[in-house]
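Peer 1: Could you work out the structure for the sequence below:
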Amino acid sequence: MPTRELLSRIYLVCFAIMIPLFATVKDILPLPAFSALLETTVREMYLLSVEERVLVYGGSLFPRPANGNRSFAYYTFFGIGLTFVVSYVIVLFCVSRILRTMKVQTANSVTRSLRNLTMQRRFVSMLMLEATVPFFFLGVAVGVFTLAGLAGVELGLYALIMSVSVAAVPPVK
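Peer 2: All right, here's what the predicted structure looks like:
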């Protein structure tokens, strides 16, 4: 397959994943009542004075009447979840194809050296390890942060640092 065609397919898959997220763009712009609430929160968190101008964009995970019952739940669970699902489907597809090829070659009595078979098995195990380690290091950290927010635990200034990590998970994956 030519490189241009391969890259086109990859970008088309990425674009197809992004299309449903465009529906959530309107949720980023808060209503005036909710914007005032966000502004107060930002002023308290950063210890800003009344004279300093603050422009805040944001939303909430759960619907709030002050924001017209808008929420980021759709984006969070559908958008980020979809990137996780697609990446793991690709990895599992690759692993299954490698295992199937090894099985067919073994069934057809293809002579292979023991070293070659060992290297293929190690490659498959390394591919699976490569796919699962980021899930545990990134996914568990994001899960703890998300569950703390859902449980109503006040995280303070550290929540900002973690929220950047949450936003960076799909690109890191």
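Peer 1: wait, isn't residue 63 in contact with residue 69?
Peer 2: Yes - Residue 63 sits in contact with residue 69 when judged by CB atoms under 8 Å, with a separation of 3.9 Å. Every C-beta, even on glycine, is put in place using the N, C-alpha and C of the backbone.
Peer 1: Of the two, give the one with the bigger neighbour count.
Peer 2: Neighbours were counted for residue 63 and for residue 69 using other CB atoms under 10 Å; residue 63 has more, 13 against 10.
Peer 1: which stretch of helix or strand covers residue 17?
Peer 2: Assigned by DSSP states H and E, residue 17 falls within helix 3-18.
Peer 1: In terms of helices and strands, where is residue 52?
Peer 2: Assigned by DSSP H and E, residue 52 belongs to no helix or strand.
Peer 1: Now do the same contact list for it.
Peer 2: Residue 52 makes contact with residue 43 under the criterion CB atoms under 8 Å, 6 or more residues apart in numbering.
Peer 1: likewise residue 38?
Peer 2: Residue 38 makes contact with 30, 56, 58, according to CB under 8 Å, 6+ apart.
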